[in-house]
Structures are given as C-alpha cells and as structure tokens.
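Engineer: sequence and predicted model, in that order:
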Number of protein chains: 2
Amino acid sequence: MPASPAATIRRRLTKPDGRSVWLYAAEPIPEGIEAPAPRGGPVVATPELRWHPLRAEWVDYAANRQERTFLPPAGYDPLAPTEPGGEPTELPAGPWEVAVFENRFPSLAPGAPEPPGTLVPTRPGRGACEVVVYTQAAKGGLGDLELSRVEMLIDVWADRTRELGARPEIEYVMPFENRGVEVGATLQHPHGQIYAYPFVPPIPARELEEERRHRARSGRGLLETHLEAELADGRRILFDEEGVVAFVPVFARYPYEVWVAPRAPVPGLPDVDAPLRAAFARALRAVVRGYDALRGRPFPYVMVFHQAPTDGAAHPEAHLHVEFYPPYRTTERLKYLAGTEIGAGMFTNDALPEAKAAELQAALSAAGELR
Amino acid sequence: MPASPAATIRRRLTKPDGRSVWLYAAEPIPEGIEAPAPRGGPVVATPELRWHPLRAEWVDYAANRQERTFLPPAGYDPLAPTEPGGEPTELPAGPWEVAVFENRFPSLAPGAPEPPGTLVPTRPGRGACEVVVYTQAAKGGLGDLELSRVEMLIDVWADRTRELGARPEIEYVMPFENRGVEVGATLQHPHGQIYAYPFVPPIPARELEEERRHRARSGRGLLETHLEAELADGRRILFDEEGVVAFVPVFARYPYEVWVAPRAPVPGLPDVDAPLRAAFARALRAVVRGYDALRGRPFPYVMVFHQAPTDGAAHPEAHLHVEFYPPYRTTERLKYLAGTEIGAGMFTNDALPEAKAAELQAALSAAGELR
C-alpha cells in the first residue's frame, strides 16, 4: 500500500508585470514572499486565431513571441529561484516544491484583443499558456523526482485544469512537456507547460469523436476496450499496477510511442483520486526512467495529457491518458516528419510496436521499473 | 511567349532485382540500356497497415526498411548514373534527363503480403514508393534546373500519376520532395519521391471534404475562391502569371509556408496542359529560387502535391496545388513541432503571414523572380 499522500497546498502571487504565479508545497507556504519577474518589462500579448478553410482548423499567430530582446547572462536559469541580490528569474526563493506561472510569451492569453479582420474568419487568441516548474533543482526530469513530487504534479495539473477550465472562454486544458533540444526545448530546468484553448483542439476532438462513436455502438469506452485487448495480448505492456497501464500501442505512429492510462475510464485530471494518483505517478516515472535507461542519458519526448473538455458539455466518452512521443526511431537516429506525415497524414514506422516494446521492456527492466 | 515544350519520351527498364526504372528525355532513348541495382540483393518488402482507432487513420509499418546493411563507399551517390566499371547505382548511364525507379526500401509495395491479424484491423501496405531523380547532376535543386527540365518533371509526375492511379488498388498518388538534412533527407542528389496510397490519406481527404462542402454551398471551388481573395488582397502574393499563383496563405501554419496553384481548378497533374505546365514550372522554380535567396544557400522544405484521388469516383471539387513546408521559423532558427502541434493539432506561428510574405517577396526580388 502506498503511503497516504500529503495534501498539496497552494499560494498565489502576482508579479510586478501583472502575471500570476502559483506556488505549491506539502506544507503551508509562508506569506510575504514577493514574486519576481525577469528584466525586460511586460510583454503585450496579442495572439490571434485565423481559420484554415482547407483543414477546417484554427491556426494561432503570436507575433509578440519574437520580441525576446532580453539577453540573459551566461548560465541564467529563468526557472530557478531568484537568489538574494541576483538576477531576477520567474520564481521567488522560498519553500515551494512545484511552481506555475503565466508564460511571458504566450501563444494564447486571457486578454488577447479582437484582431483586425482578414480574408478568413479570425478571433482573439484567448486562453492561457502556463509554465509548470517541477522542482527547484536545475537538472533532471520526471524520472529523477521523488514519487511524492510526481503525485504533487498530478495535483497541480488537476488544480490548473479545474481553475482554467472554469473560465468561460476555455474549452480544453492540455498539460504537456517538451523535453530535449530535439523537440525545441530551450531550457534544461525540469518543467512542462499547460495550454488552455478556447476550443477543443483537432487531435483531442478527433479522439473524443471516435470515443463517442464507439460508446454509442458498444456501450463501452474505446480506450477501455482497447486496454483490455492490450492486456490480454501482453506483448506491448510496460507497466500494469493498481489500475494504471503503460504500453506501446499496437497502432503506434512513433517508434518509441507510449501511452499511460487508467484501466477504468476517468474523464480528466480533476477526477483522479489518491490511489489512482499514486499509481499514475509510478507509471509516469517508470516510463521516463525506461526512456532514460535506453541510452543512459535523458531521452527527449513530447508528452501530452488528453482529458475531458471543459466546454460545459458532458463527456462520458472521455478517458484521461498520456501520450509520449519521442523524436527518435532508434536510440541514436531521429525520426523526421516529412512528405508522407506532413503532406498526407500517413505515418510510416520503421519498426513494429512489438519490437520497440521489447526494447523498452528491457530498458525498464534495467532501470528496475518493469512491472 | 514560352517556346513550345518538347514532348517527354519514356523508356521502361527492369533491374536485375525485378524493380522497374523509367527513363525520360526529350529525345528518344536508345534501346539496349541495362538498368543496374546497388549491391546487397533484392529486399523483400512486407509493409503492413494497422488501424489507429482513436485517430481513425491507417498507420504504416515497414520493418524491412531497417535492413539497410550495404555500407556504401565514401562519396557513393546511388542516384548518379553508374560509371563504366564503377560501383553500381540505381541508374544507368545514358541520355536520360529525368529518371524514376521503385524505392528499394518501400513503405508501400505492390506485392505486400496479407499481414497476420492483431488487436486492430490490418491490411497489406499495398501501393508504391518511387524515387524521382531530377537530373544527372549530383548537386543543386529545383531552383537550379532549366525551365524545360521543370516542365519535363511535371510531365513525369503526371505520367506516374496516370500509371499508378490506374492500378486498381491505388486511390491516391502524391509526388513530394523532402529537401535538406533538417527534414531527414539523406541524399543530396536532386530528387523527389512519389507515394501511391491504397486509400485517400487523411490530409488530402480533409481538404477534399472541405472543398466538397464549399462547392455544395456556393457552387464554386474553395481554393479558387480563396485565390481570388488572396489576389485581391495582394499582400502575400509571390508570383502571378499566366494563370498560376504562388502565395503565403493568410492561414499559413508554417512561417515560410507557400502554396502554388492554378487560378482555375484543375483536378490533377494529368489534366495540366502545355501553357499551364509552363507557368507552373516557372512558379515552382521561382519559389525555390526565392527560398534559396533567403540565405544564399539551399533552403530545406517538404513540398507536396495535392490532387484528385484515383479512387474511381468523380472529384469535381479537387484543385491541384503544391504546398511547401520549410522547417524554419527565421532563416536561421528551426520551427519545432512540439506539444501544441503534435498533441493538440493547433499550430502556433511566431510570425504573421504578411511579414513572412514580405521577407519572401524581397528574396524573390533579389533572385530576379518577383512577379
């Protein structure tokens, strides 16, 4: 039995430039902490959305993101706590364990103004972009955190989902992590992000649509049904404990793709209870430890949470899960998205999921994490 | 007036390993040329397709592609003509101008066997993957070819579309080019590829669906209507001559995205007549010359043709066009596809299409190609 997890306590601060910071810890965070902001002054966010008529999707333009004029000193880590008398970072010193702040260069922002009209429909890029800092430590990743910290992260993702999802303009909240220079991450400090969208974005929308159809046909969940089949087959399972499964899907589009999901459908992060949170934390950490064991050094990936929309409708079809997309096709060779993926939408995978699952099972085993 | 283009003449050969080669030239190609094949023997292609139930799309597995055991000598160019007594390449010496051959490591193959069943629907990865060699010269790109050669390439793409599309199992033919190491191209020799799919792939299918809807609503073509609006606005136009337009779409998802299309809907490459072919060739070459002028060196991109399916149905909604997707967000900084693009399907673009169009207009102007 896992130890009963501590409650996650939160304190909200406001930066000099008006942005919010949320500090999280197991113990109450004292009052009087002042939130810093990097030099360079506030950035005016004017993201706008334009409609792509041939793909029937919104495209986001955040021209303000290119105004990154502040040249930081060498070794500057904007996600580290600000040192006394030091260059101000995004976060204060203090006994916080996890911190969230509003991105200074957001692709979606609460106050985005009405854009000028153009040839296609437009709308303000309203929403939110937040940064989730996993630890005060400057290096490492999800695989290096204490389990209690990963559980706290799940609380934080749930807290942000609830709060952002309650805003009337926000219809979908997606926590994610871009890890490694190979996927464009510019900061090494362990962190993820949250995008809160004013619509249900195309990929979750497509998944939900298929889940709805399956449920209407069979009365059961699509991912739930598939998980049962994966477990019965067994060849691609990396982790199966206390109701949480990690596996290489039989339909993986990326060679090292891994999904993590509760066996029983849970709509979203706010619905995760303490036992599920404990198992989910162990599964996430085991997957990342397995990735890192592939080469004995941090393995890059894009990790995304898919969950129920916050659009006010009921979503009995939604089944919370995580999708990991590492950009490699072997441990040393990148998988590029090119003609057939970008131009046609058909992914080609040089390896069968069974072979990659065996490779990952060996890596998890080497890391002492195979379950 | 452009000179009347010469006819494109073709000769088909068979390699020792059974694969086909098609040689194209303006003058008849003599008989008696023997097609070579690289050392290493024939590769057995067993691509299979699996159904992704949550995205409702086929994923392709071509495990045979990893069996690339032949280590070529330094400087070996498999797309160059084989020299007398030299290491055999994919192509013979001779007076050909453009050559096409069946890919030795195909993701889709005519004889793909029935795969073993698994948890999701499967089917053989039947189709074709061909390599299109633009020239016997080992370096350069579309921007360095004579216009008559680009016109011949359009004939070749049309010829392959007709022939592949006539196979009963093939429903969509997509010529494309992956240019540059940034998009995974491993060979510098100027070349593109053709994938012939046993279904209409998701991205063209989505475009065709939106085009069908627009046509049903308005009686006119969606891209045709949009082109008129782009021309009336004018700010993002790079080329407009003899009925062919190149432009940065107002809804561009990639900073340097460019589309090239005839003003009047033409369903596919086989429907391109001589005047349209001449204008299309000039537009394609002008765009690539503009790209290359951005930095004074080859600019990488993924270029894809979207055209009418070959599925036996009528496609009055189809409007042939080319989409260019360069992987850069500034001339020196890559655009990465990460959390929001890969996990949500919402593209974020740091630059407004108007700004990038101005940059490209200046580059085309510097290259003497602005029209």
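Structural biologist: Thanks, I have it. Values in this document were obtained by computation on a predicted structure and should not be read as measured data.
Engineer: ok, how many other residues are close to A:E48?
Structural biologist: Number of residues near A:E48 (other CB atoms under 10 Å in any protein chain shown) recorded here: 22. C-beta coordinates here come from the backbone N, C-alpha and C atoms, glycine included.
Engineer: for stretch A:264-272, buried residues please.
Structural biologist: In terms of neighbour count (16 or more other CB atoms under 10 Å in any protein chain shown), stretch A:264-272 has its buried residues at A:P265, A:V266, A:P267, A:G268, A:L269, A:P270, A:D271, A:V272.
Engineer: right, I mislabeled it, should have said stretch A:144-161
Structural biologist: Buried residues in stretch A:144-161 (16+ other CB under 10 Å): A:144-145, A:148-161.
Engineer: out of the residues you listed, name the ones that lie in helices.
Structural biologist: Using DSSP state H, the members of the buried residues of stretch A:144-161 that fall within helices are A:148-161.
Engineer: let me know the closest of those residues to chain B.
Structural biologist: For these, the residue nearest chain B by CB to the nearest CB is A:W157; the value is 13.3 Å.
Engineer: that closest one against A:F305, yeah?
Structural biologist: Yes: with contact defined as CB atoms under 8 Å, A:W157 counts as touching A:F305 (6.7 Å).
Engineer: okay, and the common contacts of those two?
Structural biologist: Here A:W157 and A:F305 share the contacting residues A:P175, A:L269, scored by CB atoms under 8 Å, 6 or more residues apart in numbering or on different chains.
Engineer: quick check: A:A62 vs chain B, distance?
Structural biologist: As judged by CB to the nearest CB, to the nearest Å, A:A62 and chain B stand 6 Å apart.
Engineer: pick the one among the buried residues of stretch A:144-161 closest to A:W58.
Structural biologist: A:T161 (20.8 Å; CB to CB).
Engineer: my guess is that closest one contacts A:D271. True?
Structural biologist: No: with contact defined as CB under 8 Å, A:T161 and A:D271 do not form a contacting pair (9.7 Å).
Engineer: still on that earlier bit, can I get the ones in helices among the buried residues of stretch A:144-161 in TSV with pLDDT?
Structural biologist: Output for these, formatted as TSV (pLDDT from 0 to 100):
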residue	pLDDT
A:S148	97
A:R149	98
A:V150	98
A:E151	98
A:M152	98
A:L153	98
A:I154	98
A:D155	97
A:V156	98
A:W157	98
A:A158	98
A:D159	98
A:R160	98
A:T161	98
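Engineer: now do the same contact list for the residue nearest to A:Y301 when sequence neighbours are not counted.
Structural biologist: In this structure, A:Y301 finds its nearest non-sequential neighbour in A:P326, 4.3 Å apart by CB to CB, 6 or more residues apart in numbering or on different chains. If you count contacts by CB under 8 Å, 6+ apart, A:P326 has them with A:Y254, A:P255, A:Y256, A:E257, A:Y291, A:F299, A:P300, A:Y301, A:V302.
Engineer: in strands only, show me those.
Structural biologist: A:Y301, A:V302 (DSSP state E).
Engineer: switch the contacts of A:P326 over to TSV; also include neighbour count.
Structural biologist: Output for these, formatted as TSV (neighbours: other CB atoms under 10 Å in any protein chain shown):
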residue	neighbour count
A:Y254	26
A:P255	23
A:Y256	28
A:E257	23
A:Y291	27
A:F299	25
A:P300	20
A:Y301	27
A:V302	27
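Engineer: any idea which of the contacts of A:P326 is closest to A:E242?
Structural biologist: A:E242 has its nearest neighbour among the contacts of A:P326 in A:Y291, at 21.5 Å by CB to CB.
Engineer: list the contacts for the nearest residue to that closest one once chain neighbours are set aside?
Structural biologist: Spatial nearest neighbour of A:Y291, excluding adjacent residues (CB to CB, 6+ apart): A:F299 at 3.7 Å. For A:F299, the contact set (CB under 8 Å, 6+ apart) comprises A:G180, A:Y256, A:V288, A:Y291, A:D292, A:P326, A:Y328, A:T331.
Engineer: domains in chain A, by residue range?
Structural biologist: Per the record, chain A has its domains at A:9-198, A:203-366, by automatic domain parsing.
Engineer: pick out the shakiest of these, pLDDT-wise.
Structural biologist: Across the domains of chain A, domain A:9-198 has the smallest mean pLDDT, namely a mean of 93.
Engineer: and that one, how far apart are its ends?
Structural biologist: Start-to-end span of domain A:9-198 (CA to CA, to the nearest Å) is 28 Å.
Engineer: same thing with stretch A:27-36?
Structural biologist: Stretch A:27-36: ends 22 Å apart by CA to CA.
Engineer: show me what counts as buried in that stretch.
Structural biologist: A:I29, A:I33, A:A35, A:P36.
Engineer: ok, now which ones touch whatever residue of the stretch 101-250 of chain A ends up closest to chain B?
Structural biologist: Relative to chain B, the nearest point of the stretch 101-250 of chain A is A:G184 (2.9 Å; CB to the nearest CB). For A:G184, the contact set (CB under 8 Å, 6+ apart) comprises A:N178, B:L334, B:K335, B:Y336, B:A338.
Engineer: partners of A:N178 in the sheet?
Structural biologist: Under the criterion DSSP bridges, A:N178 forms beta bridges with A:V302.
Engineer: and if you look at A:Y197?
Structural biologist: Bridge pairing for A:Y197 - DSSP bridges - gives A:Y172.
Engineer: quick one: it and A:F176 touch, right?
Structural biologist: No: contact criterion CB under 8 Å: A:Y197 and A:F176 do not qualify, at 11.9 Å.
Engineer: compare these two (neighbour count), which wins?
Structural biologist: A:Y197 (29 against 23).
Engineer: so how far is A:T186 from the residue lying closest to A:V183 once chain neighbours are set aside?
Structural biologist: Among residues not flanking A:V183 along the chain, B:A338 sits closest, at 4.9 Å (CB to CB, 6+ apart). Counting by CB to CB, to the nearest Å, the gap from B:A338 to A:T186 is 11 Å.
Engineer: neighbour count winner among these two?
Structural biologist: Each of B:A338 and A:T186 has its neighbours counted (other CB under 10 Å); B:A338 has more, 22 against 8.
Engineer: and that one, what does it touch?
Structural biologist: Counting by CB under 8 Å, 6+ apart, B:A338 has contacts A:N178, A:V183, A:G184, A:A185, A:V302.
Engineer: rerun at 7 Å
Structural biologist: If a contact means CB atoms under 7 Å, 6 or more residues apart in numbering or on different chains, then B:A338 has A:N178, A:V183, A:G184, A:V302 as its contacts.
Engineer: show me what from the stretch 201-350 of chain A comes close to chain B.
Structural biologist: A:201-204, A:206-207, A:210, A:222-223, A:226, A:229-230, A:233, A:250-251, A:253, A:302, A:304, A:323, A:325, A:336-340, A:342-350 (CB under 7 Å from any CB of the partner chain).
Engineer: whichever of these end up buried, select them in PyMOL.
Structural biologist: To isolate the buried ones among these in PyMOL, judged by 16+ other CB under 10 Å, type:
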select buried, chain A and resi 201+202+203+204+206+207+210+222+223+226+230+250+251+253+302+304+323+325+336+337+338+339+340+342+343+344+345+346+347+348+349+350
